[in-house]
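just need the structure, nothing else, for what follows:
(chains A and B)
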There are 2 protein chains.
Amino acid sequence: MPASAIRHCTACGAPVVYRVPAGDTRPRAVCPHCGHIQYENPRNIVGTIPVWEQQVLLCRRAIEPRYGLWTLPAGFMELDESTEGGALRETREEAGADVRLDGLYAVINVLPAHQVYLFYRGQLTSPRWHPGEESLEVRLFHEAEIPWDELAFRSVAQTLKRYFADLRTGHFPVHTFDIS
Amino acid sequence: MPASAIRHCTACGAPVVYRVPAGDTRPRAVCPHCGHIQYENPRNIVGTIPVWEQQVLLCRRAIEPRYGLWTLPAGFMELDESTEGGALRETREEAGADVRLDGLYAVINVLPAHQVYLFYRGQLTSPRWHPGEESLEVRLFHEAEIPWDELAFRSVAQTLKRYFADLRTGHFPVHTFDIS
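Just a heads-up that it's a prediction; the model follows:
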C-alpha cells in the first residue's frame, strides 16, 4: 500500500481494497462497489533559479516543512499550467519576482517524497522582489554567501552547487539526477 | 471543477465540496466532514526513443486510446521509480526491449491531458524486441518509413521530427515544448 493511502473511493465513497487489477502489475486502490480505480503517481515540483548579476535569489520559508530555512522558489505544478508556467507562478508567489526563463536546468527525482523537481534558469527582469505569504525573507546571494547549512532541501543544495560550477564555465547543460 | 472530478473524500468517504482553502488560491476538493484536502496535479508519462543503427523502434498500440496507431514506448510514471527507471520499464513492457539511456531528450507539456511527457534517448542493447501485452506489433523504422499519419500522439510525432533533425547534426539538446 502506498504511503499516502487512499481509504475511500473518490467516485462513490465506499471503502477501497488494494489489489492488482486485471492486466496490471501493481496493487491499486480499487473500489469493490463501483469498480473505480484510483491511481497515485509522483507529483512535479516546478521552480526557478532567479539570477541577478551572478547572484541567486533565495526565499526563507515561512511554512512547514523546513520553516526558517532557505530555498529556491518552487512548488507543486497545478493542472492547466505548463512546467514553465508553474515555475514562473511560484517565483511570483514566493519571491514576488519576475524572471525571463533561460531554459530547463535540472530534473531531479526525489524518490522518498514521490516528487520530480524541474528547475529553470531565469534572469530577474528587474531588481525587485518581496516575500510572498510563504516566505519570511527574500534576498540575493553571491556564491560565497549561500547558507549551505541552512538550505531547506537536498534538491536545492545540489542544484545550486551545479549552478555555480556551471557559472564558472558559462555552459549550462540540463542536469538529471536522483535523490534517494 | 477539474475534469477528473473527485466526488468523495479519500480519507473518510464523505461527499466533497470544491472551495478555495484558507491560504490557497485555487478551488480544491475539500471534505466538509473530516477536513481532508485532495489535490490533483499533472501526471508524468515517461518513455524512450529506442534506437538501433539510425532506426527507431515503434510500438503499434493494442489498447485504447488510439488502438492500432504507432507510438514510442511510454506510460505513466509510477510511485517509487525515477523518470529514467520508468522509461526503461515501459520500454521493456511495451516493446520487450532493453536500452542503454543516452540522456533526457524531450520534456513536453500536454496541457489538455494534464500530462508532462519525458522522453529519453536510448540505444537498444541488442536487436531483440517483442510486442508486450499493450502492443500489437513492434518494429524498427528508418526516418523515411515513419508512418507519420498513423502516429498515436502529437507528442510522439513532434519528438520524432526533432529527433531525426538532430540525427543529421549529431547534436541532441533537451527539447522543451507545449502541446495545447
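
for residue A:32, which non-adjacent residue is closest in space?
residue A:17 (5.6 Å; C-beta to C-beta, 6 or more residues apart in numbering or on different chains). Placement of C-beta: from N, CA and C, glycine included.

can you report phi and psi for residue A:121?
When read as degrees, to the nearest 10, the backbone of residue A:121 gives phi -80, psi 140.

list the residues that contact residue A:43.
Going by C-beta atoms under 8 Å, 6 or more residues apart in numbering or on different chains, residue A:43 touches A:76-77, A:114-116, B:39, B:41.

cutoff 7 Å now
A:76, A:114-115, B:41 (C-beta atoms under 7 Å, 6 or more residues apart in numbering or on different chains).

export the residues you listed to a markdown table and tack on pLDDT?
Compiled in a markdown table, the contacts of residue A:43 are given as follows (pLDDT from 0 to 100):
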| residue | pLDDT |
| --- | --- |
| A:76 | 97 |
| A:114 | 97 |
| A:115 | 98 |
| B:41 | 97 |
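
now the buried members of those residues.
With burial judged by 16 or more other C-beta atoms under 10 Å in any protein chain shown, the buried subset of the contacts of residue A:43 is A:114-115, B:41.

what are the buried residues along the longest helix that chain A contains?
For chain A, the longest helix by residue count, based on DSSP state H, is helix A:154-169. For helix A:154-169, burial by neighbour count (16+ other C-beta under 10 Å) applies to A:155-160, A:162-163.

enumerate the residues of chain A near chain B.
A:2, A:6-15, A:23, A:26, A:40-44, A:76-80, A:82-83, A:104, A:107, A:109, A:111, A:114, A:116, A:133, A:174, A:176, A:178 (C-beta under 7 Å from any C-beta of the partner chain).

any weak-confidence spans in chain A?
In the predicted model, chain A carries pLDDT under 70 at residues A:1-4.

ok, which stretches of it are helices?
A:83-95, A:154-169.

give me the domain ranges for chain A.
Listed by automatic domain parsing, the domain ranges of chain A are A:1-40, A:43-179.

just how off-centre is the shortest one within its chain?
Read it as domain A:1-40. From the chain centre to the centre of domain A:1-40 is a distance of 27 Å (C-alpha atoms, centre = their mean, to the nearest Å).

could you point out the longest strand in chain A?
Assignment by DSSP state E gives strand A:99-110 as the longest strand of chain A.

now for it, which elements pack on it?
Applying 3 or more C-beta pairs under 7 Å, 6 or more residues apart in numbering or on different chains; DSSP states H and E, we find strand A:99-110 packed against strand A:43-52, helix A:83-95, strand A:115-124, helix A:154-169, strand A:175-179.

redo these as CSV? Include distance to residue B:138.
Formatted as CSV, these follow (distance: least, C-beta to C-beta, whole Å):
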stretch, distance to residue B:138
strand A:43-52, 30
helix A:83-95, 30
strand A:115-124, 28
helix A:154-169, 36
strand A:175-179, 27
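
then stretch A:146-164 to CSV, C-alphas only?
This file holds the C-alpha atoms of stretch A:146-164, laid out as CSV (Å, rounded to 0.1, in the frame of the first residue of the first chain):
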residue,chain,number,x,y,z
ILE,A,146,25.0,30.8,0.2
PRO,A,147,23.9,29.4,3.6
TRP,A,148,24.7,25.8,2.7
ASP,A,149,23.9,24.6,6.2
GLU,A,150,20.5,26.3,6.2
LEU,A,151,19.1,25.1,2.9
ALA,A,152,15.7,23.5,3.2
PHE,A,153,16.1,20.6,0.7
ARG,A,154,18.9,18.5,-0.8
SER,A,155,17.4,19.0,-4.2
VAL,A,156,18.0,22.8,-3.8
ALA,A,157,21.5,22.4,-2.4
GLN,A,158,22.6,20.1,-5.3
THR,A,159,21.0,22.3,-7.9
LEU,A,160,22.8,25.4,-6.5
LYS,A,161,26.2,23.5,-6.4
ARG,A,162,25.8,22.5,-10.0
TYR,A,163,24.6,26.0,-11.0
PHE,A,164,27.6,27.8,-9.5
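
what residues are bridge-paired with the spatially most central residue of chain A?
By C-alpha atoms, centre = their mean, chain A has its centre lying nearest to residue A:45, at 2.5 Å. On the basis of DSSP bridges, residue A:45 is bridged to residue A:76, residue A:117.

ok, residue A:55 - contacts?
Residues in contact with residue A:55 (C-beta under 7 Å, 6+ apart) are A:140-142.

oh sorry, the question was meant for residue A:12
By C-beta under 7 Å, 6+ apart, the contact list for residue A:12 reads A:31, A:33-34, A:36, B:8.

and residue A:114, by the same measure?
Shown in contact with residue A:114 (C-beta under 7 Å, 6+ apart): A:42-43, B:79.

residue A:116 too?
Counting by C-beta under 7 Å, 6+ apart, residue A:116 touches A:42, A:44, A:107-109, B:44, B:83.

can you tell me which two in those residues are farthest apart?
A:108 and B:44 (13.0 Å; C-beta to C-beta).

picking up where we left off before, ok, the contacts of residue A:116 vs residue A:151, which is closest?
Among the contacts of residue A:116, residue A:108 lies closest to residue A:151 (C-beta to C-beta), at 13.9 Å.

fine, thanks again, bye for now.
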